[in-house]
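1. Turn this into a model:
(chains A, B, C and D)
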Protein chains: 4
Amino acid sequence: MTDDRYPYRREFPTRWNDNDVFGHVNNTVYYAAMDTTVTSWLLTEAGVRMMDGDTIAVVRASSCEYEASVSYPDVLDVGLRAGRVGTTSVTWEFGMRRAGDDALVARGRFVHVFLDRATLRPVPVPADLRARVEDTLVVEREE
Amino acid sequence: MTDDRYPYRREFPTRWNDNDVFGHVNNTVYYAAMDTTVTSWLLTEAGVRMMDGDTIAVVRASSCEYEASVSYPDVLDVGLRAGRVGTTSVTWEFGMRRAGDDALVARGRFVHVFLDRATLRPVPVPADLRARVEDTLVVEREE
Amino acid sequence: MTDDRYPYRREFPTRWNDNDVFGHVNNTVYYAAMDTTVTSWLLTEAGVRMMDGDTIAVVRASSCEYEASVSYPDVLDVGLRAGRVGTTSVTWEFGMRRAGDDALVARGRFVHVFLDRATLRPVPVPADLRARVEDTLVVEREE
Amino acid sequence: MTDDRYPYRREFPTRWNDNDVFGHVNNTVYYAAMDTTVTSWLLTEAGVRMMDGDTIAVVRASSCEYEASVSYPDVLDVGLRAGRVGTTSVTWEFGMRRAGDDALVARGRFVHVFLDRATLRPVPVPADLRARVEDTLVVEREE
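-> Residues are numbered from 1 along each chain as shown, chains lettered A, B, ... in the order given. Below is the predicted model:
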């Protein structure tokens, strides 16, 4: 698995108080890293208006598998790609490394469901967003 | 200094990931405890509508002095009283103990300034809120 | 699914700053709720010495499925039960409700692997811990 | 007040879940920014061994004054300088800006007291640390 499997990448510096009593970044922080990275892509690459668009994205499921630990002052390098792009949902996949290092320390997944802001009922993934995902975040895979 | 110096009290249980590498609740968590306690009072005792009232309260200053440490699974017992009640601001004062213990582990202070939600300009503390503060949160003091 | 499917239950009060811009508790907070609840059980019910025992437990995987949202000042009622108890790992399962409400708002899972503190190599789940898990946290299930 | 009043500066990127219901970075996050910045200096510039040195630094007091708000994805640019350097304590002063912007959004202060790790009694600021503070973090000031 190489870097180009995750087309969008952002650094996520850890904070001193992310370290827990074992001196390692607490397991919950990786979810903040994934949440921040996908939101960054939605805001800056896809032009999604989180606060006043017609459609909102809510997290339906998330998961993470941990291979190794990191510790402040390590910087997480978070890669994002698309998994399944469904009718009303998108599954995002994340590969996290220690910046400057090749090995993944964690892999994760978020499932976003798209809802009408007013009715809170599922709606199709907006067409321009779907196109942007398919153009830039879907990768070939061997696995 | 006794308990009745802080007329409103709420428990604030600590979380496992509040502990930092020294095995103590990180210094930043006490601010979450104070922020949560004053918001609890504003919502439940003063009927302030945080999301859609005409007036919003913003934090202009905060501070904390630490006397001792606490560690998960300790519960913080946070006491609230009013300090100075100005024309457009209220200073809140906090006394924090380990639940079940008399000694203060920390004392803190928040200054809220009241703003018009639309113009973001300072406005007088709403009359009903001022009355509620003066009736229930102002205490005699010897210091 | 009823309450007795999760034999150990703890309240996890939300904090004002757990709410995100949508006015709901952010998805990452549920992991702090699960992490705190299982740690509470390990410390208080199983006598695990997190800081100086011979064996440490590290999170190998975690996941959560969200059914509904909660908002401060809601209290999460977190239920814990054991899933698979393996040779060197335990899978914990969580059911989370809004306190006072019957419906689950979220279900989650943590996989702990047990390591020797010195060598960081996997070791069998300590016998007394395994017994305690099997006696108190394994439930019959229909699903 | 210009940038060179804070000789050590570090970027502190905000996270999506730092934003609270008002769409602004919550007031507690500035303390994480200050805590992380002074720890960064202690670790990387002063060679302090947080985990196993003879002396530990504990926060005795902290404070912050807020001039303006920031919102994710803003990056905080945190400047550090020394205030009072006492016998057993150091007061750190912070100036925080939005990266790329000149105006301070917040100013803060931390007081560290140095303790013997074993006895937890105050000890003099270690001589090499004191020298490093005085050489690099004390600035002339007009105020």
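
2. where does residue A:107 fall, helix, sheet strand or coil?
-> Following DSSP: H, G, I helix; E, B strand; the rest coil, the label given to residue A:107 is strand.

3. Chain neighbours aside, what residue packs nearest to it?
-> Distance criterion CB to CB, 6 or more residues apart in numbering or on different chains; nearest residue to residue A:107, sequence neighbours excluded, is residue A:65 at 5.1 Å. For the C-beta atoms, the positions are set from N, CA and C on the backbone; glycine is no exception.

4. ok, now residue A:136?
-> Counting by CB to CB, 6+ apart, residue A:7 is the residue found nearest to residue A:136 once chain neighbours are left out, at 5.9 Å.

5. who does the residue nearest to residue A:107 bridge with?
-> Beta-bridge partners of residue A:65, counted by DSSP bridges, are residue A:107, residue C:61.

6. doesn't residue C:61 make contact with it?
-> Yes: counting by CB atoms under 8 Å, residue A:65 does reach residue C:61; the two are 4.7 Å apart.

7. ok, now which ones touch the residue of chain A most remote from its centre?
-> In terms of distance from the mean C-alpha position of chain A, residue A:21 ranks first, at 26.4 Å (CA atoms, centre = their mean). Residues counted as contacts of residue A:21 (CB atoms under 8 Å, 6 or more residues apart in numbering or on different chains) are B:19-21, B:23, C:50-51.

8. Got the phi and psi for it?
-> phi -60, psi -20 (degrees, to the nearest 10).

9. how many neighbours does residue A:45 have?
-> Neighbourhood size, residue A:45 [other CB atoms under 10 Å in any protein chain shown]: 15.

10. In chain A, where is pLDDT below threshold?
-> Applying pLDDT under 70 to chain A flags the ranges A:1-3, A:142-143.

11. can you put the contacts of residue A:21 in TSV and add secondary structure?
-> Listed next are these as TSV, based on three-state DSSP:
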residue	secondary structure
B:19	strand
B:20	coil
B:21	coil
B:23	coil
C:50	coil
C:51	coil
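
12. In ChimeraX, select just the buried ones from those residues.
-> Buried residues among the contacts of residue A:21 (16 or more other CB atoms under 10 Å in any protein chain shown), as a ChimeraX selection:
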select /B:19,20,21 /C:50
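
13. out of the contacts of residue A:21, who's nearest residue C:27?
-> Comparing those against residue C:27 with CB to CB places residue B:19 closest, at 22.3 Å.

14. element containing residue A:68?
-> Using DSSP states H and E, residue A:68 maps to neither a helix nor a strand.

15. the more surrounded of residue A:65 and residue C:61?
-> More crowded of residue A:65 and residue C:61, by other CB under 10 Å: residue C:61, with 19 against 16.

16. residues contacting that one?
-> A:63-66, C:109-111.

17. which among the residues you listed gets closest to chain B?
-> residue C:110 (11.9 Å; CB to the nearest CB).

18. mind checking which helix or strand that closest one is in?
-> Following DSSP H and E, one finds residue C:110 within strand C:104-116.

19. what's whichever residue of chain A sits closest to chain C in contact with, if anything?
-> Nearest residue of chain A to chain C: residue A:63, at 3.6 Å (CB to the nearest CB). Residues in contact with residue A:63 (CB under 8 Å, 6+ apart) are A:108-109, C:61-64.

20. For it, give me phi and psi.
-> Here residue A:63 shows phi and psi, under degrees, to the nearest 10, equal to phi -160, psi 160.
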